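S.K.: Quick one: sequence and predicted model below, then my questions.
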Amino acid sequence: MTKSLFDNPPLAPQPAAAVTPPSVPQPAQPAVAASAPVPASGSLTEDDLKRALPSHLRASVTPNLVNTLNQISTDPIVAENIRENFISYTAVLKDGKFKTEDYLSAVAYVSFKLMGHSNEDAYARTFPQRYAALIAKGASKKDISAYVSAFARGKLVNLVLEQSLVPTWVLNQDIHQKAINHLANLMVNANSEKVQAEAAIGLLTHLKKPEVKGGDLKITIDDNSGMREMRDMLGRLAQQQRELIESGQMKTIDVAASRLINKDEATDV
């Protein structure tokens, strides 16, 4: 007997599929685990960092620090800029006792500031986890500003910021040229002869050939212990030779032909 489709028992109702809430976007992380891959393009190696850092900080260079620096930002241009600044501003580490990790944070913060970000935005990009935690616990705008201000006014941050400053004469080079062009125009086209003369004097002052100053070379020789011993030894030798010549045991020509020998040569003789 052929069974009908309606002879099959009804299927048991299936539970509704669980709905997963949309994931909350997480802030970008500045650091990665030591096992994270390092980008090949523009990345730094341990040897690069050791050559850049002062000798007393080279032991602090670890694979984790290298990966942190290479993965400092998901934006390759920003990451490259921070890496270059990390290498360029290492002079601040020679005179102070700073941790390499703190120096990296200061360089990242200053780099974001140089890109035009505000203090708070630069702080949030430098410390995304710390900033997210402050937001999560409901920290007030005043409290966040206080944390940002304390970091921005720190000694290390300002030492790095000082290294990044551009001299005003370089920064305003275009304005300097515009001023010279304006003086040249006044010198030729001004209605007043007095203005023309003042413009000419101004041009002569700012366009005169730089004065060449002779360099002062000062050479000093430190009288260290090795040099003192050598001087005393030569003095004793000269006195001994003088006494031998006076007693007739040695001729002057023999003294002139003599030479100093080191310990290895004396052993071989």
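M.R.: On my side now, so go ahead.

S.K.: Okay, helices next: where are they in the stretch 101-250 of the chain?
M.R.: Taking DSSP state H, counting those that start in this stretch to define them, one finds helices in the stretch 101-250 of the chain at 119-126, 128-136, 141-152, 155-164, 168-171, 173-189, 193-206, 225-246.

S.K.: With Asn181 as the reference, measure out to the residue lying closest to Ile180 once chain neighbours are set aside.
M.R.: Distances taken as Cβ to Cβ, 6 or more residues apart in numbering place His206 nearest to Ile180, at 6.4 Å, with adjacent residues excluded. Bear in mind the C-beta positions are built from the backbone N, C-alpha and C, glycine included. When Cβ to Cβ, to the nearest Å is applied, the distance between His206 and Asn181 equals 12 Å.

S.K.: ok, now Glu162?
M.R.: Separation of Glu162 from Asn181 (Cβ to Cβ) stands at 33 Å.

S.K.: for the nearest residue to Leu207 once chain neighbours are set aside, what are its contacts?
M.R.: With Cβ to Cβ, 6+ apart as the measure, Ile180 is the residue that lies nearest to Leu207, at 7.1 Å, once sequence neighbours are left out. Residues near Ile180 by Cβ atoms under 8 Å, 6 or more residues apart in numbering: Leu203, His206, Leu207.

S.K.: about what we covered before: make TSV from the helices of the stretch 101-250 of the chain and add mean pLDDT to it.
M.R.: Supplementary listing: the helices of the stretch 101-250 of the chain in TSV, determined by pLDDT from 0 to 100:
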stretch	mean pLDDT
helix 119-126	93
helix 128-136	93
helix 141-152	93
helix 155-164	89
helix 168-171	66
helix 173-189	87
helix 193-206	87
helix 225-246	76
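
S.K.: Buried residues in stretch 175-186, which are they?
M.R.: Taking 16 or more other Cβ atoms under 10 Å as the neighbour-count basis, stretch 175-186 is seen to contain the buried residues Leu183, Leu186.

S.K.: Now for Met250, how many residues are close by?
M.R.: Here the number of neighbours of Met250 (other Cβ atoms under 10 Å) works out to 16.

S.K.: Grab the nearest non-local neighbour of it.
M.R.: Of all residues not flanking Met250 in the chain, Leu244 sits nearest, at 3.8 Å (Cβ to Cβ, 6+ apart).

S.K.: what do you get for Arg125?
M.R.: Taking Cβ to Cβ, 6+ apart as the measure, Arg125 lies nearest to Phe112, with 5.1 Å between them; neighbours along the chain are not counted.

S.K.: which of the contacts of Ile180 has the most neighbours?
M.R.: Each of the contacts of Ile180 was scored by neighbour count (other Cβ under 10 Å); the top score is that of Leu203, with 16 neighbours.
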